[in-house]
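1. model this:
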Amino acid sequence: MQPILPGTTSSSTAVVTPLRRLAIASTTSCAKEASSYGKCIVTTYTDVHKDTCKAEFEKFGACLRQTVC
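-> Predicted coordinates for the structure are as follows:
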């Protein structure tokens, strides 16, 4: 059974692609983690170093893997 997109009815179901599932998870289930990672990137974008926002990225990635997979 394919997931139903928000805003659709069972009679107008659409196949949810992996990219769509990722986008939905990024803006709903993992919004807090995405926001935290985004804020870290914004505050450090002029002086980027490896692993600057590693902790935030790992939390965001873990949330996405748990939600999407």
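2. Relative to the whole chain's centre, how far out is the helix or strand of the chain with the lowest mean pLDDT?
-> Of all regular secondary-structure elements in the chain, judged by mean pLDDT, DSSP states H and E, the least confident is helix 18-27 with a mean of 88. Helix 18-27 has its C-alpha centroid displaced from the chain centroid by 6 Å (Cα atoms, centre = their mean, to the nearest Å).
3. ok, and for that helix, which residues are buried?
-> Taking 16 or more other Cβ atoms under 10 Å as the neighbour-count basis, helix 18-27 is seen to contain the buried residues 21, 24-26. Just so you know, the C-beta spots here come from the backbone N, C-alpha and C atoms, and that holds for glycine as well.
4. May I see those arranged in TSV, with distance to D47 as well?
-> TSV is the format used below for the buried residues of helix 18-27 (distance: Cβ to Cβ, whole Å):
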residue	distance to D47
R21	34
I24	33
A25	30
S26	26
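5. Pick the one among those closest to I41.
-> Of all the buried residues of helix 18-27, the one with the least separation from I41 (Cβ to Cβ) is S26, at 14.0 Å.
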